[in-house]
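A.B. asks: model this:
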Amino acid sequence: MAHVHQTIRLEQHEPTAGTVLGERFRLEALIGQGGQAVVFQAVDLRRGGAPVAVKIARQDLEASARREAEEVLRREAGLLRRLDHAALPRLYGLERGPQRVWLARELVAGQPLSALARQGPWPWRQVQLWAANLCDVLTYLHTREPPVVVGDLKPANLVQRPDGSLALIDLGAAHTLTRRPPRAPRPRHGTPGYAPPEQLGGRSFDERADVFALAVTCYELLTGHDPATAPLQFDLEQLERVAPLLSSGLRSALAFDLTERCPTAAVLRSRLGAPLPPRRLFLGAGLELSDRRDLEAALRHAPQALAGAVADGSLERWFATHPDDGLGALRYRLRLARLSKPPRTPQLDLLLTALAPPEGSGLLHVTPNHLDLGAIPLRSWRIWSQPRGLTLHNAALTPLSWELECPAQADAEVRVLVAGRAQRRAGGVIEAGAQVRLEVVAAGKAGPRSGALHLRCGQHRWSIPWEAQARAGVPVAGRHAASLEDLDLRHPDLVPGLEALLAQGALARWLRACRRRDLAREIENALSRAPDALRRRLLVGRLLHTLAPERFPILEVRGLEEAAARPLVAGEPAHALIEIDNLAAPAVSLICQSRTPWVDVTTAPAALEPRATSRIALHLLPPAGLHGPHEIALHLAAGALPLTVTIPVRINPARWWHRLRRMFRVS
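C.D. replies: Numbering: from 1, shown residues only. Sure thing, here's the model as predicted:
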């Protein structure tokens, strides 16, 4: 933006002095012109002629550039409307009409800092005062929700008021750091000489860009060098000579590497010799944080309160206001964890990830250090072996991030189970002193197989050798079964394990390998009809009947469709009948229980007779307030075969005649 006393040529189609905008603001003199807007000194006719500044989007730009300029002006007005700080001008009005977009804000009296910079170099104590003033403004902006990044902090956008304080008068390049990226990419403004390398390179930038620009401004005031003449080149030796007490802090803020740059304006204020007392963060129930030790204690004793502070953003804002550089850096690591982790990651895990040192630790212990996977299925069967456990223990005093990788091999595939799914990689964070158990599965070509898993914790790496024997068979109920006779018929996971193989399509292939082609053909025919969960369970019972007919019957359940077709009325009793055919010779015991509160089993046999039909009678009384689709759930135990029977029903609200009949029934 041009300075007050410059001669400025205004395009003829722009508004001129004397124009009244919004029937309120009369333009008087042009005081600045930039690439996207012009600024007039004006008077507010509704406030007795009080002076204001009116910023108008330029009309002499191409269509796309004009739309961008207008959008920038709208965003600046939106920011000024919700910000309230003594160093920021107040917003008085915004016009978003089709002809012209403009905003009216407070006209800050004083001298532009750019004019004062040309009078430098300035004494280091004065620059220290200005820097502390600007650090407070940046801390305020950076702790908004969402945070506001100025994006173009420089002397030309700063004014020294008569009382000596500084005001930031231009937020045209500012943007907010929302948790989700904006739908349309926003222009990344920045002035060469003041903008950091990441901003000049067109990369994403955050609050640390403002810290860099503030340090450049201080460098200019202290040395008298105009940074725009040689962007990103600083005479640090001269800086050390003219301001030895400030040079160390400014050098850290001028670091090109973001991991080495001073993390926050509050930390920079402290490094420049003007620290503020750390603000306390209250977590509720008498808990408060004042330093890193309090944070670690809360992590151990009040993790849920801390998780709430992560979720609502108060912990991140506390990091931004604290003079401790370690806590300031945690702000960005927490933000990075939130962006890199899945959306539903627990808040405490995000914090643990941020607290984990990037360099990791050698105190991550793995047990066992040699993994014997035992017998594993053939890879051509497209199923995984029985899981084998791998335990990671964190013996360090800090949380540790870890990543386990399963390298690809030509003759075998090894995976780690993540939420029940086999993955090549898994990762997470372990609290200090805690441990996590992983499950590893494998499949391969026939024969002995071996390899190694790779575990990484920061800069530390471990190799975990594994070995296995790939052969025909399936993992079920804790065993690698090469034939039906290898099954453990009394294992509680036998039926669900076989049902899982059935769903994967591996059961029929296994039966063919076991030379039980008749059973394999029967299962394939049943699967071609897309059976529901009940019929899949009955199919598993048919298979196990060949091994233990006295424990696993062959059943057929009838009457479910009829029961589902009859609509129910809320508050009205009803009845349903289910028939069970025992298609085999042995009799088996039967237990029937209702899992639905408003359904009672009134009649059920204690045993299913050989080759006979048994009936189960149900009494249904849906509550008066129950409407819409629901399910009736029954649990049956026929011998050793557990069954879950679900009947979808629809419950209609009671009509007036239903209520009338109920009244007569009661009387």
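A.B. asks: ok, the closest residue to residue 142 other than its chain neighbours - contacts?
C.D. replies: Leaving aside its sequence neighbours, residue 142 sits nearest to residue 207 (CB to CB, 6 or more residues apart in numbering; 4.5 Å). (Each C-beta comes from the backbone N, C-alpha and C, glycine too.) Counting by CB atoms under 8 Å, 6 or more residues apart in numbering, residue 207 makes contact with 138, 142, 147, 149, 177, 264, 265, 320.
A.B. asks: Just give the nearest non-adjacent residue to the first one, would you?
C.D. replies: Here the nearest residue to residue 138 in space, its sequence neighbours aside, is residue 265; by CB to CB, 6+ apart that works out to 3.8 Å.
A.B. asks: Look up which helix or strand residue 540 falls in, please.
C.D. replies: helix 533-545 (DSSP states H and E).
A.B. asks: Let me fix that, I meant to ask about residue 212.
C.D. replies: helix 207-223.
A.B. asks: list the helices and strands the following helix or strand past that helix packs on?
C.D. replies: Sequence-wise, the next helix or strand downstream of helix 207-223 (DSSP H and E) is helix 236-242. Packed against helix 236-242 by the contact rule (3 or more CB pairs under 8 Å, 6 or more residues apart in numbering; DSSP states H and E) you find helix 207-223, helix 244-253.
A.B. asks: quick one: the residue nearest to residue 138 and residue 274, what's the gap?
C.D. replies: Residue 265 sits 11 Å away from residue 274, going by CB to CB, to the nearest Å.
A.B. asks: Neighbours of the closest residue to residue 574 other than its chain neighbours, how many?
C.D. replies: Nearest residue to residue 574, sequence neighbours excluded (CB to CB, 6+ apart): residue 620, at 4.4 Å. Other residues lying near residue 620 total 21 when counted by other CB atoms under 10 Å.
A.B. asks: ok, residue 620 - contacts?
C.D. replies: By CB under 8 Å, 6+ apart, residue 620 lies in contact with 568, 573, 574, 575, 576, 598, 599, 632.
A.B. asks: Most widely separated two among these?
C.D. replies: Farthest pair in those (CB to CB) is 573 and 632. Separation: 14.1 Å.
A.B. asks: So between these two, which is more surrounded?
C.D. replies: The neighbour count for residue 573 versus residue 632, taken as other CB under 10 Å, is higher for residue 632 (22 against 13).
A.B. asks: shaky segments in this structure?
C.D. replies: 1-13, 179-189, 656-667 (pLDDT under 70).
A.B. asks: Show me the domain layout of it.
C.D. replies: Annotated domains of the chain cover 1-107, 281-355, 364-471, 563-667 [automatic domain parsing].
A.B. asks: I'd like those as TSV, with distance to residue 168 appended.
C.D. replies: Shown next, in TSV, are the domains of the chain (distance: least, CB to CB, whole Å):
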stretch	distance to residue 168
domain 1-107	6
domain 281-355	17
domain 364-471	38
domain 563-667	58
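A.B. asks: of all the ones you listed, which lies closest to residue 164?
C.D. replies: Shortest separation from residue 164 across these is recorded for domain 1-107, at 12.2 Å, computed as CB to CB.
A.B. asks: Enumerate every residue touching residue 489.
C.D. replies: Taking CB under 8 Å, 6+ apart as the contact definition, residue 489 lies against 544, 547, 548, 551, 640.
A.B. asks: What segments of the stretch 501-650 of the chain are helices?
C.D. replies: 506-513, 517-527, 533-545, 560-565 (DSSP state H, counting those that start in this stretch).
A.B. asks: So what touches the longest one?
C.D. replies: Just to be clear, that refers to helix 533-545. 484, 487, 489, 494-495, 498-499, 502-503, 507, 511, 519, 522-523, 526, 531, 551-557, 584, 638, 640-646.
A.B. asks: Which residue is the nearest non-sequential neighbour of residue 641?
C.D. replies: residue 541 (4.4 Å).
A.B. asks: doesn't residue 604 make contact with residue 634?
C.D. replies: No - Residue 634 is not in contact with residue 604 according to CB atoms under 8 Å; the separation is 9.6 Å.
A.B. asks: intersection of neighbour lists for the two?
C.D. replies: Going by CB under 8 Å, 6+ apart, residues that sit against residue 634 and also against residue 604 are 592, 616.
A.B. asks: on that earlier part again, can you count the residues close to the residue nearest to residue 641?
C.D. replies: The number of residues near residue 541, taken as other CB under 10 Å, comes to 23.
A.B. asks: swap in residue 339?
C.D. replies: The number of residues near residue 339, taken as other CB under 10 Å, comes to 11.
A.B. asks: Residue 41 sits in which helix or strand?
C.D. replies: Residue 41 belongs to strand 37-44, assigned by DSSP H and E.
A.B. asks: what angle separates the next helix or strand after that strand from strand 37-44?
C.D. replies: For strand 37-44, the succeeding helix or strand toward the C-terminus, using DSSP H and E, is strand 50-57. With axes from the mean of the first three to the mean of the last three CA atoms, to 10 degrees defining the directions, strand 50-57 sits at 150 degrees from strand 37-44.
A.B. asks: Off-centre distance for strand 50-57?
C.D. replies: 42 Å (CA atoms, centre = their mean, to the nearest Å).
A.B. asks: which residues in the stretch 51-200 of the chain form helices?
C.D. replies: Here the stretch 51-200 of the chain has its helices, by DSSP H, counting those that start in this stretch, at 63-82, 113-117, 124-142, 197-200.
A.B. asks: So the residue nearest to residue 138 sits against residue 140, correct?
C.D. replies: No - Residue 265 is not in contact with residue 140 according to CB under 8 Å; the separation is 9.1 Å.
A.B. asks: So those two - more neighbours on which side?
C.D. replies: residue 265 (29 against 19).
A.B. asks: what's that one in contact with, if anything?
C.D. replies: Applying CB under 8 Å, 6+ apart, the residues contacting residue 265 are 134, 135, 136, 138, 139, 142, 207, 210, 211, 214, 320.
A.B. asks: one more time with 10 Å, if that's ok
C.D. replies: 131-132, 134-143, 207-208, 210-211, 214, 253, 320-321, 328 (CB atoms under 10 Å, 6 or more residues apart in numbering).
A.B. asks: most surrounded residue in the contacts of residue 489?
C.D. replies: Busiest of the contacts of residue 489 [other CB under 10 Å] is residue 544, holding 22 neighbours.
A.B. asks: how much space is there between that residue and residue 590?
C.D. replies: 17 Å.
A.B. asks: Please apply the same query to residue 99.
C.D. replies: 83 Å.
A.B. asks: Same drill for those two, tell me which one is more crowded.
C.D. replies: residue 590 (21 against 6).
A.B. asks: Would you check how far apart that one and residue 533 are?
C.D. replies: Taking CB to CB, one finds residue 590 at 19 Å from residue 533.
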